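Trainee: no sequence on hand, only this structure:
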């Protein structure tokens, strides 16, 4: 029979092992804000039988270990869509949830809008990002092609 002290010791060792693994894994993940990503098409033509445009982000930050609001993507959209930005849905590969976007000036996030564009930001839930990490799919969050903003003009 296992005594209370042995249960405590086993639990403590398990927790320390998990913390060590987490720290080793997160320290080996490079700063996502300085990555050079493979280029995705910035905008695509409407898909067949669809009136939506697709945009990919110009910047991604995926650092859920820093707390909430540290997993997001910033998109540059043409100014002609500024009045109807709310007609959009953000999708991330592997998630069946539509995320909403908000307009930003980008200063707080270290981004600036190209000429003739404005910036929007879409946040991804921290706990869901940690779930991606636990499932071994965290790299998916760091790839611009996996973040798609569907726009319905």
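Mentor: Arrived safely, thanks for sending. Note that the structure is a prediction, hence the values are computed from the model and not measured.
Trainee: for the chain, just list every one of the strands.
Mentor: According to DSSP state E, the chain carries its strands in the segments 43-44, 53-55, 59-62, 71-78, 88-92, 101-104, 117-123, 147-151.
Trainee: need these in JSON lines (columns: distance to residue 111 and mean neighbour count).
Mentor: (C-beta placed from N, C-alpha, C; glycine too.) As requested, the strands of the chain are arranged in JSON lines below (distance: least, Cβ to Cβ, whole Å; neighbours: other Cβ atoms under 10 Å):
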{"stretch": "strand 43-44", "distance to residue 111": "17", "mean neighbour count": "13"}
{"stretch": "strand 53-55", "distance to residue 111": "14", "mean neighbour count": "20"}
{"stretch": "strand 59-62", "distance to residue 111": "5", "mean neighbour count": "23"}
{"stretch": "strand 71-78", "distance to residue 111": "5", "mean neighbour count": "23"}
{"stretch": "strand 88-92", "distance to residue 111": "16", "mean neighbour count": "20"}
{"stretch": "strand 101-104", "distance to residue 111": "8", "mean neighbour count": "16"}
{"stretch": "strand 117-123", "distance to residue 111": "6", "mean neighbour count": "21"}
{"stretch": "strand 147-151", "distance to residue 111": "14", "mean neighbour count": "21"}
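Trainee: of those, which is nearest residue 130?
Mentor: strand 71-78 (9.2 Å; Cβ to Cβ).
Trainee: show me how far that closest one is from its chain's centre.
Mentor: Chain-centre distance of strand 71-78: 10 Å, with Cα atoms, centre = their mean, to the nearest Å.
Trainee: grab the nearest non-local neighbour of residue 124.
Mentor: Nearest non-adjacent residue to residue 124, counting by Cβ to Cβ, 6 or more residues apart in numbering: residue 71, 4.3 Å away.
Trainee: wait, the one you found sits on residue 125?
Mentor: Yes - counting by Cβ atoms under 8 Å, residue 125 is a contact partner of residue 71 at 7.4 Å.
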